[in-house]
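Fold the following, please.
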Amino acid sequence: MLIGDVAQQTGISTRMLRHYDRVGILRPTGRTASGYREHEEADLVTLLHIEGLRSLGLSLAQISAVISDDSYPPDQVMSDLIDRARDQIARSSELIRRLEAVQASQPSTWSDVSRTVELLRGLDGATPSQRQQAVIRARTSTDGELQVLIEALLQEANNDVAGALQWQVAQGGDAALPRLIDALASPAEMTRRRALDTLEKIGTPAAVNAIARSTTHTDPRIRGRAALFRARRGDTEVIDDLVAMISRGQDDVDASDALRELVTQTGAASSAVAAIARELAEGAVPARRRLAAALGEIPGDAATRLLLALRDDDDRGTALTARALSENRDPA
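Numbering: from 1, shown residues only. Here you go, the predicted model:
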């Protein structure tokens, strides 16, 4: 059969058949006396096999490997296809969320819709540079565009693009809060962190309150930020949280500063020293050194006594830190 006959019988274009020939997936079995490509019945069977594999989503390279080697393992190919399908579903779900945000904003003119659709396309760009340019051109004057930018921010993996998105979303002020607060409960760590950082950047009383209410959050970073905000308000209930942050090395400099200011403001030195003593009893070497340094910032006799005791600590670094800090304090 000539290529035209094959195309007529299978419904596959002659252009695609020639492409299969060029890439080596399906070469004609022979040629006529005049030099025309000629396919046999076996070629039709192979062609149907190829089209079946294409319908599953296999690339031409994968199809070539499959039809040239009967022992080619299908498990990895199927795993790749499943991952690709899941990625497509995720992208489609993201697009639906963005479109719903546009619809919920009740755009009043076609120009509003057109601008938002253009933004959606830009945010779906293949490269970070394309997405960043779309963010720079965006406006937050309409709720629809603001919600689109928020959804893009919560899903963006590139830090540079996320930074640009965060700045744009922050311009929306409290209008951005409902979705960002909701995102704090996301199962995805990156989504939670993007929401937290943006709430902090917005910085309005309502945004700060949203963070401060999260001291029992399961995410230690969110819980820690909440403790820092509450400490600035003079809330002594977060002393244990601040000391735990210092012990873990999580924002420990900020936590140490917040603890010092809180103790100075409220006179809760004894509570801070007691919390540090509890952590010292369990802390490993790096934690003990950080706790000793934080202890040196706490005023009062109780802190001085604990520093003097730490001068004989088994860890040399902790002992040296305690000695240096205790030398400039009044004896207890």
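
burial of residue 168, as a residue count?
22 (other C-beta atoms under 10 Å). Where you see a C-beta, it was placed from the backbone N, CA and C, and this is true even at glycine.

Let me know whether it touches residue 137 as I believe.
No - assessed by C-beta atoms under 8 Å, residue 168 is found out of contact with residue 137, at 10.1 Å.

Quick one: the helices in the stretch 101-250 of the chain, in order.
110-123, 128-137, 143-155, 159-170, 177-183, 189-202, 205-212, 220-232, 239-248 (DSSP state H, counting those that start in this stretch).

nearest to residue 262, of those?
helix 220-232 (4.7 Å; C-beta to C-beta).

on that earlier part again, weakest of the helices of the stretch 101-250 of the chain in terms of mean pLDDT?
Among the helices of the stretch 101-250 of the chain, helix 110-123 carries the lowest mean pLDDT, at a mean of 75.

Next, the angle helix 143-155 makes with that one.
Put simply, helix 110-123 runs at 10 degrees to helix 143-155, going by axes from the mean of the first three to the mean of the last three C-alpha atoms, to 10 degrees.

Distance from the chain centre to helix 110-123, please.
Helix 110-123 has its C-alpha centroid displaced from the chain centroid by 24 Å (C-alpha atoms, centre = their mean, to the nearest Å).

Adjust the sequence numbering to begin at 35 for everything that follows.
That works, and once the first residue is 35, the last one we named lands at helix 144-157.

Pull out the buried residues from it.
Using 16 or more other C-beta atoms under 10 Å as the test for burial, helix 144-157 gives 146, 149, 150, 153, 154, 156, 157.

now swap in stretch 307-314 and tell me
Those would be 307, 309, 310, 311, 313, 314, for stretch 307-314 by 16+ other C-beta under 10 Å.

I'd like to know how many residues surround the closest residue to residue 225 other than its chain neighbours.
The spatial neighbour of residue 225 that comes closest, neighbours along the chain excluded (C-beta to C-beta, 6 or more residues apart in numbering), is residue 188 at 4.8 Å. Using other C-beta under 10 Å, residue 188 has 25 other residues around it.

Can you tell me how far residue 188 is from residue 137?
Plainly put, residue 188 is 19 Å away from residue 137 if you go by C-beta to C-beta, to the nearest Å.

these two touch, right, residue 52 and residue 41?
No - counting by C-beta under 8 Å, residue 41 is not a contact partner of residue 52; they are 9.9 Å apart.

Tell me which of the two has more neighbours.
residue 41 (17 against 13).

I'd like the distance between that one and residue 88.
Residue 41 is 16 Å from residue 88, by C-beta to C-beta.

Point out where the stretch 235-366 of the chain drops to low pLDDT.
Within the stretch 235-366 of the chain, the ranges that satisfy pLDDT under 70 run 364-366.

could you redo the last one with a cut-off of 90?
For the stretch 235-366 of the chain, applying pLDDT under 90 flags the ranges 249-250, 284, 315-319, 360-366.

gap between stretch 193-200 and the chain center?
Distance, centroid of stretch 193-200 to centroid of chain: 11 Å (C-alpha atoms, centre = their mean).

list the buried ones in that stretch?
For stretch 193-200, by 16+ other C-beta under 10 Å, it's 195, 196, 197, 198, 199, 200.

Contacts made by it with the rest, please.
162, 165-166, 169-170, 183, 186-187, 190, 228, 231-232, 235 (C-beta atoms under 8 Å, 6 or more residues apart in numbering).

can you do 10 Å?
Stretch 193-200 is contacted by residues 157, 159, 161-170, 172, 183-190, 192, 224, 227-229, 231-232, 234-236 when judged by C-beta atoms under 10 Å, 6 or more residues apart in numbering.

now do stretch 221-232
With contact meaning C-beta under 10 Å, 6+ apart, stretch 221-232 is reached by 184, 187-191, 196-197, 199-204, 206, 210-211, 213-220, 241, 244-245, 248, 251-253, 255-256, 258-260.

Report all helices and strands that the helix or strand that contains residue 340 contacts.
Assigned by DSSP states H and E, residue 340 falls within helix 335-344. Counting contacts by 3 or more C-beta pairs under 10 Å, 6 or more residues apart in numbering; DSSP states H and E, helix 335-344 is packed against helix 303-316, helix 319-329, helix 350-360.
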